[in-house]
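Participant: Sharing a model prediction with you, sequence too.
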Amino acid sequence: MLDRFRIAKQPELDRLRKLAAAGGMPAPLASGTDGGTSRPDFLRALRDRSGYPDAPVAVIAEYKRASPSRGVIETGVSPEDAATAYATAGATAISVLTEEQYFGGDLAYLGRMAEVDPSVPLLRKDFIMDPLQVAATAATPAAALLLIVRLTPDARTLRDLREQAEAHGMHAVVEIFDEADLALARESGARIIQVNNRDLETLAVDRTACLRLGPLRAPGEVWIAASGISENRHLAEAAHAGYDAVLVGTALMDGGNLKESLMRLLGCNETEGAR
């Protein structure tokens, strides 16, 4: 699947190269009035567990309309409705799939969701492997972007992409699958590590993968568990294994009632007022 994802991103890369050659790349998001970035701080939100602090871990709720493993999941919920549902239900941050071919995403979703509640950090989840993709992300309200070690298995490249993102006020979530990936992520200077329970080649999910790797978390790192998380007890298990946050998509999108699904996952109810 990784090769398919690389191929799927080629038209985007070709378009960005043409834009760059013509001097037409979009400008980065402007800084705030105090000279700092106008983006919310993704890393601080995870550490502070903003949203619903009574949950065992922070929850990054994902807007994902489709996936290679499931096909169409839910297309009846707009980005604006998803942002409203997730923010009011207690999400610490929102992950936004922007890959078009396999996930039904769009880069424009980031701007549309930020207009609903600009205080909620947005993570651009896509197959990012080129500086021009980072530059394009910097022109959106994204507070963070995803870098996958298997797509860029070179510590220097990972470091360059991460530092480029940070220069624009964004954080980089560096995704790993095993100990070898973790070593490369650390060599690149990654501070936010995401362990994906889904094998990107077979698409099979093994939720014990994150539980096995959790004890390897080092002081100062923020760890996220992703894929296969669907119940409140999974949050407690992730916290016990050393995780700071979980990323949940399909379990929340399936059925279209995003607010109710997230509140149930968090273990809160309507009267608690998550936000």
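Facilitator: Nice, I can see it.
Participant: hey, where'd the strands end up in the protein?
Facilitator: 58-63, 66-67, 71-72, 93-97, 122-125, 144-148, 171-176, 192-196, 222-226, 245-248 (DSSP state E).
Participant: so where's the stretch 51-200 of the chain uncertain?
Facilitator: By pLDDT under 70, the stretch 51-200 of the chain has no low-scoring segment.
Participant: May I ask you to confirm that R207 is in contact with R198?
Facilitator: No - contact between R207 and R198 fails when scored by Cβ atoms under 8 Å: they sit 9.5 Å apart. To be clear about C-beta, it is placed using only N, CA and C from the backbone, and glycine gets the same treatment.
Participant: and those two? which has more neighbours close in?
Facilitator: R198 (20 against 16; other Cβ atoms under 10 Å).
Participant: I'd like the distance between the closest residue in space to that one that isn't next to it in sequence and L247.
Facilitator: Among residues not flanking R198 along the chain, S227 sits closest, at 4.0 Å (Cβ to Cβ, 6 or more residues apart in numbering). Distance, S227 to L247, by Cβ to Cβ, to the nearest Å: 8 Å.
Participant: now R49
Facilitator: 14 Å.
Participant: Likewise for A204?
Facilitator: 18 Å.
Participant: more neighbours, the two?
Facilitator: L247 (24 against 12).
Participant: Is that one bridged to anything, and to what?
Facilitator: I60, A226 (DSSP bridges).
Participant: shouldn't it be in contact with I224?
Facilitator: Yes - shown here, L247 and I224 form a contact pair, counting by Cβ under 8 Å, at 5.6 Å.
Participant: what residues are shared contacts of those two?
Facilitator: I60, Q194 (Cβ atoms under 8 Å, 6 or more residues apart in numbering).
Participant: beta partners of I192?
Facilitator: Applying DSSP bridges, one finds that I192 bridges with V173, V222.
Participant: Contact partners for it?
Facilitator: F42, L43, L46, A144, H171, A172, V173, V174, E221, V222, W223, I224.
Participant: Of these, which is the nearest to D160?
Facilitator: A172 (10.7 Å; Cβ to Cβ).
Participant: can you count the residues close to the closest one?
Facilitator: So A172, with other Cβ under 10 Å, has 28 neighbours.
Participant: hang on, isn't it packed against A190?
Facilitator: Yes - look at A172 against A190 with Cβ under 8 Å: they come within range, at 6.9 Å.
Participant: what's the overlap in contacts for the two?
Facilitator: By Cβ under 8 Å, 6+ apart, the residues touching both A172 and A190 are L147, R162.
Participant: returning to that earlier point: including distance to A138, could the strands of the chain go into CSV?
Facilitator: Converted to CSV, the strands of the chain look like this (distance: least, Cβ to Cβ, whole Å):
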stretch, distance to A138
strand 58-63, 20
strand 66-67, 26
strand 71-72, 31
strand 93-97, 15
strand 122-125, 10
strand 144-148, 9
strand 171-176, 12
strand 192-196, 17
strand 222-226, 21
strand 245-248, 22
